[in-house]
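S.K.: coordinates for the following, if possible.
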Amino acid sequence: MKRLRVGVLYGGRSGEHEVSLASAAAVFANIDRDRYDPVAIRIEKDGRWVLPDRPPSAASAADVIEQMKSEGARARTGRDVVLPPRPGDDTLLLINTRTPQGGGEPVSTVTGLGLDVIFPVLHGPYGEDGTLQGLLELAGVPYVGCGVLASSVGMDKGVMKLVFRACGLRVTDWVVVRRHEWPADHAGITARVEAAIDYPVFVKPANLGSSVGISKVHGRGELAAAVDLALEYDRKVIIEAAVPDAREIECAVLGNTTPEASVPGEIVPSREFYDYQAKYLDNSSRLEIPAPLSDDARREIQRQAIAAFEAIDGSGLARVDFLLNRSTGDLFLNEINTLPGFTTISMYAKMWNATGVDYATLVNRLIALAVERHTDRQTLRTSAF
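M.R.: Predicted coordinates:
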């Protein structure tokens, strides 16, 4: 059987660049080489696409940061490539530029590289928000994960909450603040927030993940600094009510038309909440998989995880995060992550492993789901005549 050539796409123009490198390293370490021929494709922080000299190898975001510090420019070498926005046998165009012997103007030549599937392990804007997915749709190449709509809705926390509430899923109250509003009306916006939500609140960039730019605000005196921080990362900020005495429960979803839910897991953060430091840079947070839950609570979380996935028209994979009030048992849907962290020690992979699906099998299934979804879309008519 011919091996599928899989382009593993990672890096990206977001605050989650380092997390993405760790996810890609796990894919390269575990992908079945008898079935797949993986190709590393790195998107630099400035947006350039390159074929690196070697695939990533650091197992965690902390390791990536240390490796980048020690290797410096050597870690960023590679040959430029572009993905043309039209279907064709040459999925990537490799650009070779050389200066003629004896001097003169540089000469560029272009060669093609065909890929059967693209496996994005990009997190955050320009990778998880529908922009990349739109490019891949234009290129006509199968790709792992959610499509344009699900990716964009799943990225924007404000729109996500609107969709979930419209589908009858319980979410916390929230207020959206846009960048142009904040400088002109601090007092008015503060009053609007306080009329809608009691402190404490969480302030988040609406379109980002990995807990980057998030603050927990305990009173009015902390609100302005938290909004200013979030606006450094996004033009839109969401301010949402905190769930008292909350347990952080997550559930992984896998599939296309008949999605399945994993056993839920619980995060016990080492800090007041599960911020970037607690997630990636210290080892004190604790993961409990399966989460200690009653059978009824487990089934309800799995049901709502699938409902959230279907509400945004998800495909491939997603991780759905919940907040469970340990005193009252009230369950709130926090958010859905359509390209979650994908290292072997990430919650998504660990929850599936506890459900009986190991990492290598997970990669196989995701690639198969990508091909299945692409094949199904090819049956659609593109002409009225």
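S.K.: chain neighbours aside, what residue packs nearest to Ala24?
M.R.: Spatial nearest neighbour of Ala24, excluding adjacent residues (CB to CB, 6 or more residues apart in numbering): Tyr10 at 3.5 Å. C-beta here means a position set from N, CA and C on the backbone, and glycine is covered the same way.
S.K.: over to that neighbour: give its phi and psi.
M.R.: Dihedral pair for Tyr10: phi -150, psi 170, per degrees, to the nearest 10.
S.K.: tell me the bridge partners for it.
M.R.: Following DSSP bridges, Tyr10 is listed with bridge partners Arg42.
S.K.: can you tell me how far the residue nearest to Pro52 when sequence neighbours are not counted is from Val39?
M.R.: What sits nearest to Pro52 in space, not counting adjacent residues and going by CB to CB, 6+ apart, is Gly78, at 4.1 Å. Distance, Gly78 to Val39, using CB to CB, to the nearest Å: 12 Å.
S.K.: which neighbours do the two share?
M.R.: Common neighbours of Gly78 and Val39 (criterion: CB atoms under 8 Å, 6 or more residues apart in numbering): Leu51.
S.K.: one step back: list the contacts of the residue nearest to Ala24.
M.R.: 20-21, 23-24, 40-43, 56, 120-122.
S.K.: next one: Ile312
M.R.: By CB under 8 Å, 6+ apart, Ile312 lies in contact with 146, 149-150, 153-154, 160, 163, 336, 338.
S.K.: how about 7 Å then?
M.R.: 150, 153-154, 163, 336 (CB atoms under 7 Å, 6 or more residues apart in numbering).
S.K.: any idea which element the closest residue to Ala246 other than its chain neighbours lies in?
M.R.: In this structure, Ala246 finds its nearest non-sequential neighbour in Leu323, 4.4 Å apart by CB to CB, 6+ apart. Counting by DSSP states H and E, the element that carries Leu323 is strand 316-325.
S.K.: now Thr190
M.R.: helix 186-196.
S.K.: may I see the buried residues of that helix?
M.R.: 189-190, 193 (16 or more other CB atoms under 10 Å).
S.K.: return the distance of it from the chain's centre.
M.R.: Chain-centre distance of helix 186-196: 31 Å, with CA atoms, centre = their mean, to the nearest Å.
S.K.: can we start the residue count at 45 from this point?
M.R.: Okay, residue one is now 45; in that scheme the one you just asked about reads as helix 230-240.
S.K.: how about the CA coordinates for it, as PDB?
M.R.: Extracted C-alpha coordinates of helix 230-240, given in PDB (Å, rounded to 0.1, in the frame of the first residue of the first chain):
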ATOM      1  CA  HIS A 230     -13.700  53.100  30.900                       C
ATOM      2  CA  ALA A 231     -16.300  54.200  33.400                       C
ATOM      3  CA  GLY A 232     -19.300  53.300  31.300                       C
ATOM      4  CA  ILE A 233     -18.000  49.900  30.400                       C
ATOM      5  CA  THR A 234     -17.100  49.200  34.000                       C
ATOM      6  CA  ALA A 235     -20.700  50.100  35.000                       C
ATOM      7  CA  ARG A 236     -22.000  47.800  32.200                       C
ATOM      8  CA  VAL A 237     -19.900  44.900  33.400                       C
ATOM      9  CA  GLU A 238     -20.900  45.400  37.100                       C
ATOM     10  CA  ALA A 239     -24.600  45.600  36.100                       C
ATOM     11  CA  ALA A 240     -24.400  42.300  34.400                       C
END
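S.K.: which other residues reach it?
M.R.: Outside helix 230-240, the residues touching it (CB under 7 Å, 6+ apart) are 217, 219, 221, 225-226, 264, 267-268, 283.
S.K.: now, which of the contacts of Ile356 lie within strands?
M.R.: Mapping the contacts of Ile356 onto strands (DSSP state E) picks out Ile380.
S.K.: select from the contacts of Ile356 the one having the most neighbours.
M.R.: Within the contacts of Ile356, most neighbours by other CB atoms under 10 Å means Gly198, with 29 neighbours.
S.K.: does Cys426 lie in a helix or a strand, and which?
M.R.: That one is not Cys; residue 426 is Thr. Applying DSSP H and E, one finds Thr426 in no helix or strand.
S.K.: report pLDDT for it.
M.R.: According to the prediction, Thr426 has pLDDT 85.
S.K.: next, count neighbours for the closest residue in space to Tyr170 that isn't next to it in sequence.
M.R.: Spatially, and ignoring its direct neighbours in sequence, Tyr170 is nearest to Arg57 (4.5 Å; CB to CB, 6+ apart). Residues lying near Arg57 (other CB under 10 Å) number 18.
S.K.: then Asp160?
M.R.: 19.
S.K.: distance check, the closest residue to it other than its chain neighbours against Tyr54.
M.R.: Leaving aside its chain neighbours, Asp160 sits nearest to Leu48 (4.3 Å; criterion: CB to CB, 6+ apart). Separation of Leu48 from Tyr54 (CB to CB) stands at 18 Å.
S.K.: with that, I have no additional questions.
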